[in-house]
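>>> with the sequence up front, the predicted model follows.
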Amino acid sequence: MDTLTQNKTQEILDTFPINGTDHVEFYVGNAKQSALFYQHCFGFDLVAYKGPETGSRDTISYVLQQNKIRFVLSSSVKSNHEIMRHVDLHGDGVKVLALWVDDAKDAYDKAIAKGAESAFEPFVSKDDDGEVVMAGIKTYGETIHTLVERKNYTGAFLPGFIAKTNAANGNGTGLQYIDHCVGNVELGKMNHWVKFYQEVLGFKLLITFDDKDISTKYTALMSKVVSNGNGYIKFPINEPAEGLKRSQIDEYLDFYKGAGVQHVAIATNDICTTVRELRNRGIDFLYVPDNYYEDVLDRVGDIEEDLATLKELNILIDRDEEGYLLQIFTKPLQDRPTVFFEIIQRRGAQSFGKGNFKALFEAIEREQAIRGTL
Ligand code: FE2
């Protein structure tokens, strides 16, 4: 099977309308320190908080924001709490990909009617700033989609949270919005989850990559990208494919102990400035050898950026029929080789950097070899 790109003008068949990503919640071992890491290194602002001081006896959550991106870092002070069980099994990782909807109960009911499994039933929570309706459905691994209806709410985040800032705010790195969130699923499960997004949520299949598209001498993987009707939600789903050595997806599944979010891709309008800033703040990125840049312009044609700067910062380039894109991938963001970020700037291209897959996966293999997990 070759790479397949669906006709982009097909009609919108979403089970319920989605306005965008509401937030991404990470379960972590130490929310206080994680929040400071994402604030200082990636330039997020602290905007809201809940914890023992606000009446949340067991759980602590810090809410960070930068432009349209909202991250929640959650932990617990109780060793037997569900969050700590999750952290013990998976390490720090993404628990919730929350979707912003207009009617959470209606969205939940429709998804359940089409076969979604409930994570939690719709409930209303209120405080002085209004009310929010939330419901949850399960996706791959232990990851869930919370459906968030906030049209009658004016508070900092959700009822129960207080607005909170600190002196590290105001040091953004130009990160704008979440472009896509990628899931790694078990061998043979990619089509199951693609079918879930198609049949339960009404998403369309955007692109298929088979193991011939995504392989090196040693490892391979397969990937399909699903998207909602307005294109604001894009979920590539990866599964391992057979290769001579252990693929990055196998490594992830081993260390995460199952399926989960592999990377969150974050868009910037100026990738050179953003990446230079992230590097200065200590963020490590995957390394692609200098020879990548020797013939890259033969492949992608003219670009506006200075090639020497892209080479210096190790930013990758790809082109499709609609334009080009620039991208770079961080090393894992926690001790386990699991979740990482992609930083992406789109200059017309709506694809995912297929032309870089080989260079990228060879870069990951070099890291795996150093870790002893190839
Ligand atoms: Fe990506």
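Looks like it came in fine. Since the model is a prediction, treat every value here as computed from it, not as a measurement. Numbers count the residues shown, from 1 in each chain.
>>> which residue is nearest the middle of this structure?
Closest to where the C-alpha atoms of the chain average out (CA atoms, centre = their mean) is Val264, at 2.2 Å.
>>> ok, now which ones touch that one?
Val24, Val94, Ile178, Cys181, Val182, Val339, Phe341, Glu342 (CB atoms under 8 Å, 6 or more residues apart in numbering). Heads up, the C-betas are built off the backbone N, CA and C, glycines and all.
>>> return only those of those found close to the ion.
Glu342 (CB under 5 Å from the ion).
>>> nearest to Asp284, of the contacts of Val264?
Ranked by distance to Asp284 (CB to CB), the contacts of Val264 are led by Phe341 at 11.2 Å.
>>> list the contacts of the closest one.
Phe42, His263, Val264, Ala265, Ile266, Phe329, Thr330, Leu333.
>>> per-residue pLDDT of Lys95, please?
Reading off the confidence values, Lys95 has pLDDT 98.
>>> show me what contacts it?
Per CB under 8 Å, 6+ apart, neighbours of Lys95: Glu25, Phe26, Tyr27, Ser74, Ile83, His86, Glu142, Thr143, Ile144.
>>> just checking: what are the partner strands of the helix or strand that contains it?
Here Lys95 sits within strand 93-100, counting by DSSP states H and E. Sheet pairing of strand 93-100 (DSSP bridges) gives strand 20-27 (antiparallel), strand 144-149 (parallel).
>>> and Lys164, which of these is closest to it?
strand 20-27 (15.6 Å).
>>> need the residues that contact the closest one.
Against strand 20-27 from outside (CB under 8 Å, 6+ apart): 34, 61, 63, 68, 70-75, 83, 86-87, 90, 92-100, 146, 148, 150, 157, 177-178, 181, 232-233, 264, 339.
>>> what about the strand holding Lys95, distance to the chain center?
9 Å (CA atoms, centre = their mean, to the nearest Å).
>>> please apply the same query to stretch 365-374.
23 Å.
>>> so which bits of it are buried?
For stretch 365-374, burial by neighbour count (16 or more other CB atoms under 10 Å) applies to Glu365, Glu367, Gln368, Thr373, Leu374.
>>> doesn't Tyr218 make contact with the last one?
Yes: distance between Leu374 and Tyr218: 7.1 Å, which falls inside the contact criterion (CB atoms under 8 Å).
>>> joint contacts of the two?
Lys245, Glu365.
>>> contact residues of the chain facing the ion?
Ala265, Glu342.
>>> could you rerun that using 8 Å?
Asp179, His180, Val182, Pro236, His263, Ala265, Gln327, Phe329, Glu342, Ile344, Phe352, Gly353 (CB under 8 Å from the ion).
>>> any idea which of those residues is least confident?
Within the residues of the chain next to the ion, lowest confidence goes to Gly353 (85).
>>> so it touches Leu325, yeah?
Yes: at 6.2 Å, Gly353 counts as touching Leu325 under the criterion of CB under 8 Å.
>>> need the residues touching each of those two.
In contact with both Gly353 and Leu325: Asp318, Ile344, using CB under 8 Å, 6+ apart.
>>> which residues touch Thr173?
By CB under 8 Å, 6+ apart, the residues touching Thr173 are Phe42, Gly43, Gln66, Thr268, Thr274, Glu277, Leu278, Arg281.
>>> can you do 6 Å?
Contact analysis of Thr173 by CB atoms under 6 Å, 6 or more residues apart in numbering lists Phe42, Gly43, Thr274, Glu277, Leu278.
>>> what segments of the stretch 151-300 of the chain are helices?
For the stretch 151-300 of the chain, the helices defined by DSSP state H, counting those that start in this stretch occupy 190-195, 248-256, 271-280, 296-300.
>>> looking at those helices, which is nearest to Ala168?
Ala168 sits nearest to helix 271-280 of all the helices of the stretch 151-300 of the chain, at 14.3 Å, using CB to CB.
>>> on that earlier part again, closest one to Asn171 out of the contacts of Phe341, please.
For the contacts of Phe341, the nearest to Asn171 is Phe42 (9.7 Å; CB to CB).
>>> tell me the contacts of that closest one?
Listed by CB under 6 Å, 6+ apart, the contact partners of Phe42 are Thr173.
>>> from here on, call the first residue 46.
Sure, I'll start counting at 46 from here, so that last one is Phe87.
>>> roughly how far does it sit from the ion?
17 Å (CB to the ion, to the nearest Å).
>>> so what pLDDT did that residue get?
At Phe87, pLDDT is 98.
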